[in-house]
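# Any chance you could fold what I've pasted below:
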Amino acid sequence: MLIKIFGSAIFGVEAQTIIVEVNVDQGVGYHLVGLPDNAIKESNYRIAAALQNNGYRIPGKKITINMAPADLRKEGSAYDLTLALGILVASSQIKATDIDEYLIMGELSLDGTVNPIKGALPIAIKAKEEGFKGFILPNENAKEAAVVDGLEVYGVSSIQEVIDHFHSGKCLKQTELDPQKEFYQNLDYPEYDFSDVKGQESIKRCMEIAAAGGHNIILIGPPGSGKTMLAKRLPSILPPMTLQEALETTKIHSVVGKVKNSGLMSHRPFRNPHHTISSAALVGGGSYPQPGEISLSHNGVLFLDELPEFERRVLEVMRQPMEDREVTIARAKFTVTYPSSFMLVASMNPSPGGYFNDPDAPVVSSPMEMQRYLGKISGPLLDRIDIHIEVAPVPFEKLTNDQKAESSLEIRRRVMNARDIQTMRFQNLETVHYNAQMNTKQIRQHCMLTLETKELLRSAMERLNLSARAYDRILKVARTIADLEGNIEISSSHISEAIQYRSLDREGWLG
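The predicted structure is shown next:
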């Protein structure tokens, strides 16, 4: 008997429906074809034990299973439940007349328990697009899939529940979720708040500007000055994600199995990879490509602590994704594209010893050591970082001050007002949503300068020996500062403040 049952495969952040054809005929043997990987080839052992422990069996006949399209590589253990049900129906052990109306996925334990899978959200989206009635999957992934409106989602804990649903008429309980209600209920504020930071008012101002314009930022300061503490609090002042952003972000995290029974992600991601990370882990890749850290931080923050400690080759592969806001991974037989629109926050010590031009410092580095250390960061990478700011240690008087600092909520209100102005400014552009995304043409259009501000900028660039690449960055940051103040025109004060945020372009740092 021939039966067709449906599963799904993940490529990039999109799903593709897989038709599993199971044919039971006279003879002996078990043949699984259609480019399965080792995890799928081993499924017959899990399936045999799971069926036997639930009162069923793999028939002693010739079983041929084809996973179509047959020229597409399938991987992972999520097809166990699909294959097991196909064998039961094809061998007439159970009846399931409407099984082809459902998409079924799940990994089996030897006792028949259904374990969670990866990519439930993109699979659910594809199932709805292709007109399936429902999606049967593990309980742990049910809320994630139920985000998709118009698709019946059934979470199960064992294969017996699925068998009873089709064969005995014991209907599964549908998982229902109101995505909007769920999303807005979870929009509470994270535990890290700017009110915890003592002093550092100028750095808080920089972080506010970076959040308002979506600017990349690098913090330079000695150990213990608060760089990491400030970076961890940046997501708390970013505008809340929209439903569309939450859906995009959840899809990426779903593909790598980082969404467990929580529905839509409501907080912007904050990723903090260690400096020993490989280039494939950072931008994505592998034999069977997976999203990297830059894609997992999509619509959020990527924090690179101790930037010069990262391998230069690893940092260089970020340059194109930072510019294009997506990363494309090409293999011989296929190409996948992952979104990577993130804010880069980097921190570094000013020298190998951690201190710079401080006669009282416990460790002093030579000029040659300084150049070697700072030379690990290339000019083209710094060209993509809008704000460079030096972080000074906090004096004892401010550390012991009991006065409560401004909260993240208060800062976020100003940031959201500035973002609203930018939303109106770029409402006719699909690829530009905030100031940091402006190209040269848009900078010339929206960052008009008076003769006075032009002269100020020219004088500053000559006096401070700022590089030519700093020009556009200064204009973008000045535009954001003006937006925070609600000003249409960029004034001299906005330009002056923006110039201060280009520390690494000055003579004496990178030369």
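# For Gln427, grab the count of nearby residues.
For Gln427, the neighbour count with other CB atoms under 10 Å is 9. Backbone N, C-alpha and C define where each C-beta goes, glycine included.
# same deal with Pro393?
Other residues near Pro393 come to 16 when the count uses other CB under 10 Å.
# Which of the three states applies to it?
Under DSSP: H, G, I helix; E, B strand; the rest coil, Pro393 falls in the coil class.
# now the one 5 residues further on
Assigned state for Lys398: helix (three-state reduction, three-state DSSP).
# contacting residues for it?
Residues counted as contacts of Lys398 (CB atoms under 8 Å, 6 or more residues apart in numbering) are Lys198, Gly199.
# Confirm Leu81 sits in a helix?
Yes. Counting by three-state DSSP, Leu81 is part of a helix.
# for the chain, what are the low-confidence residue spans?
The model of the chain has pLDDT under 70 over residues 182-190, 260-262, 353-365, 468-469, 505-511.
# Taking the centroid of it, which residue is nearest it?
Leu296 (2.2 Å; CA atoms, centre = their mean).
# Please identify the longest helix in this structure, counting by residues.
helix 408-425 (DSSP state H).
# Contacts for that one, please.
Residues outside helix 408-425 that contact it (CB under 8 Å, 6+ apart): 189, 192-195, 204, 208, 211-213, 233, 236-239, 433-435, 446, 480, 483-484, 486.
# Share the number of residues neighbouring Met265, please.
25.
# secondary structure class for it?
Classification of Met265 using three-state DSSP returns coil.
# Pro273 too?
Secondary structure for Pro273, judged by three-state DSSP, is coil.
# After whatever helix or strand Glu369 lives in, which helix or strand is next?
Glu369 is part of helix 367-374, with elements assigned from DSSP states H and E. Using DSSP H and E, the helix or strand that follows helix 367-374 in sequence is helix 379-382.
# Apart from its neighbours in sequence, what residue is nearest Thr228?
Of all residues beyond its chain neighbours, the one nearest Thr228 is Asp305 (6.0 Å), with distances taken as CB to CB, 6 or more residues apart in numbering.
# That neighbour: what's it in contact with?
Listed by CB under 8 Å, 6+ apart, the contact partners of Asp305 are Lys227, Thr228, Ala231, Asn272, His275, Ala346, Ser347.
# Mind listing the residues bridging to the closest residue to the first one other than its chain neighbours?
The reference is to Lys227. Spatially, and ignoring its direct neighbours in sequence, Lys227 is nearest to Ser347 (3.9 Å; CB to CB, 6+ apart). With DSSP bridges as the criterion, Ser347 is bridged to Leu219.
# Tell me the spacing between Ser347 and Pro240.
Per CB to CB, to the nearest Å, Ser347 is found 25 Å from Pro240.
# Between those two, which has more neighbouring residues?
Shown here are Ser347 and Pro240; by other CB under 10 Å, Ser347 has more neighbours (21 against 15).
# and the gap between the more buried one and Leu110?
Ser347 is 48 Å from Leu110, by CB to CB.
# Same check on Ala9?
25 Å.
# Tell me which of those two has more neighbours.
Taking other CB under 10 Å, Ala9 and Leu110 do not tie; Ala9 has more neighbours (22 against 13).
# Okay, that one and Ala280: tell me how far apart.
In this view, Ala9 and Ala280 are 21 Å apart by CB to CB.
# again, but for Ala405
To Ala280, Ala405 is 41 Å away according to CB to CB.
# Ok, Phe396 next?
For Phe396, the distance to Ala280 equals 45 Å [CB to CB].
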